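Student: Build the 3D model from these lines:
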Amino acid sequence: MHITDYEIALRLFLACVLGGIVGFERERKDSPAGFRTHILVSMGSSLIMVLSMYGFSDFTSVNKDPARLAAQVISGIGFLGAGTILRDGTSVKGLTTAASLWVVSAIGLAAGAGFYFSSLLVTGLVFIALERSLETYLFRNNRLIKVVSVNGTCKVQEINHILESHGIISQNISMTLLEEEEQNRTIIEYKLRTPFHQINVDKILEDINEVDGIYSAEKE
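Tutor: Have a look, this model is predicted:
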C-alpha cells in the first residue's frame with residue numbers, strides 16, 4: 001500500500017479544518033476544551049490513522065492491522081475528555097465538551113483513513129447538534145422568573161425545594177445573580193427548563209412569595 005505526500009497533506013488539512021469547526025463552536029460557549037484543543041485532537045487522530053495504515057508497509061514480516069493504533073486513540077481520548085468534566089454541587093458540567101472531543105477524534109480517524117464524505121457529514125451534524133438555537137427550538141418550554149430577596153438573604157435552598165416540589169429537577173434549574181439593589185435587596189433570575197411537561201408558574205410564584213425574606217417573585 002502506498003500513499004502520496006499530497007494525499008497525506010490533504011487528509012491532515014481536512015482533519016484540521018473539521019476539528020476547527022467543532023472547536024470554534026465550543027470556543028464560543030467558553031468550554032474547557034476549545035478551538036485549539038479540537039484541532040490538535042483531530043489532526044493527531046488523523047496522523048495516527050495514516051501512520052497505522054501506511055507507516056508499516058515496509059515491514060513485510062509484521063502482522064499489520066490498521067485498526068490497532070486507531071483503537072488506542074478511542075481509548076486514550078477518554079482521559080482527555082475526563083479532564084473537561086467538572087462537578088458543581090448537584091450538577092455536572094463538561095459532558096458535552098468531552099463528547100465533542102471523542103467525536104472529533106473519530107472525525108480525524110475517518111479523514112486519515114480517506115473517508116472524506118463521512119467525516120464532512122459528521123462534522124456538519126455535530127455542529128448542528130451543538131447549536132443552542134436547535135435545542136431551544138425543540139425544547140421550548142423554558143420559563144424565566146425573577147426573585148427579589150431582602151435583608152441580603154438569597155433563600156436559594158428554599159426556592160430550590162419549592163421548584164423541585166413542582167417536578168423541576170435540579171439539573172433543569174439555572175440561577176443567575178443579576179444585581180444587588182439598594183435597601184439590601186438581591187435580584188436573582190431563575191431559568192426553568194421543562195421540555196416534557198407543563199408547570200403551573202403562577203402556583204410556583206405564589207409559593208415563593210410566601211417564603212420569609214422574599215420581596216417579590218414574578219414572571220419575565
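Student: who touches Met49 in this structure?
Tutor: 66, 69-70, 73, 108-109, 111-113 (C-beta atoms under 8 Å, 6 or more residues apart in numbering). For every residue, glycine as well, the C-beta is placed using N, CA and C.
Student: Which ones among these lie within helices?
Tutor: Judged by DSSP state H, the subset of those located in helices is 69-70, 73, 108-109, 111-112.
Student: Turn the residues you listed into a markdown table, columns for pLDDT and distance to Val50.
Tutor: Shown next, in a markdown table, are those (pLDDT from 0 to 100; distance: C-beta to C-beta, whole Å):
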| residue | pLDDT | distance to Val50 |
| --- | --- | --- |
| Leu69 | 76 | 10 |
| Ala70 | 77 | 11 |
| Val73 | 84 | 12 |
| Gly108 | 92 | 10 |
| Leu109 | 91 | 10 |
| Ala111 | 92 | 9 |
| Gly112 | 90 | 5 |
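Student: returning to that earlier point: tell me the one among the contacts of Met49 nearest to Leu18.
Tutor: Ala111 (6.5 Å; C-beta to C-beta).
Student: Contacts only, for the residue nearest in space to the middle of the chain.
Tutor: By C-alpha atoms, centre = their mean, the chain has its centre lying nearest to Thr96, at 2.6 Å. By C-beta under 8 Å, 6+ apart, the contact list for Thr96 reads 31, 130.
Student: about what we covered before: make JSON lines from the contacts of Met49 and add neighbour count to it.
Tutor: Shown next, in JSON lines, are these (neighbours: other C-beta atoms under 10 Å):
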{"residue": "Pro66", "neighbour count": "18"}
{"residue": "Leu69", "neighbour count": "19"}
{"residue": "Ala70", "neighbour count": "21"}
{"residue": "Val73", "neighbour count": "20"}
{"residue": "Gly108", "neighbour count": "33"}
{"residue": "Leu109", "neighbour count": "25"}
{"residue": "Ala111", "neighbour count": "30"}
{"residue": "Gly112", "neighbour count": "30"}
{"residue": "Ala113", "neighbour count": "19"}
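Student: Just the CA atoms of the longest helix seen in the chain, as CSV, please.
Tutor: Assignment by DSSP H gives helix 5-28 as the longest helix of the chain. Extracted in CSV, the C-alpha atoms of helix 5-28 (Å, rounded to 0.1, in the frame of the first residue of the first chain):
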residue,chain,number,x,y,z
ASP,A,5,2.6,13.2,0.2
TYR,A,6,-0.2,15.2,-1.4
GLU,A,7,-2.8,12.7,-0.2
ILE,A,8,-1.3,12.8,3.3
ALA,A,9,-1.4,16.6,3.4
LEU,A,10,-5.0,16.6,2.2
ARG,A,11,-6.1,14.3,4.9
LEU,A,12,-4.3,16.1,7.7
PHE,A,13,-5.5,19.5,6.4
LEU,A,14,-9.1,18.2,6.2
ALA,A,15,-8.9,16.9,9.8
CYS,A,16,-7.5,20.3,10.9
VAL,A,17,-10.4,22.2,9.3
LEU,A,18,-13.1,19.8,10.5
GLY,A,19,-11.7,19.8,14.1
GLY,A,20,-11.5,23.6,14.0
ILE,A,21,-15.2,23.8,13.0
VAL,A,22,-16.3,21.9,16.1
GLY,A,23,-13.7,23.6,18.2
PHE,A,24,-15.0,27.0,17.1
GLU,A,25,-18.5,26.2,18.3
ARG,A,26,-17.1,25.0,21.7
GLU,A,27,-14.9,28.2,22.0
ARG,A,28,-18.0,30.4,21.6
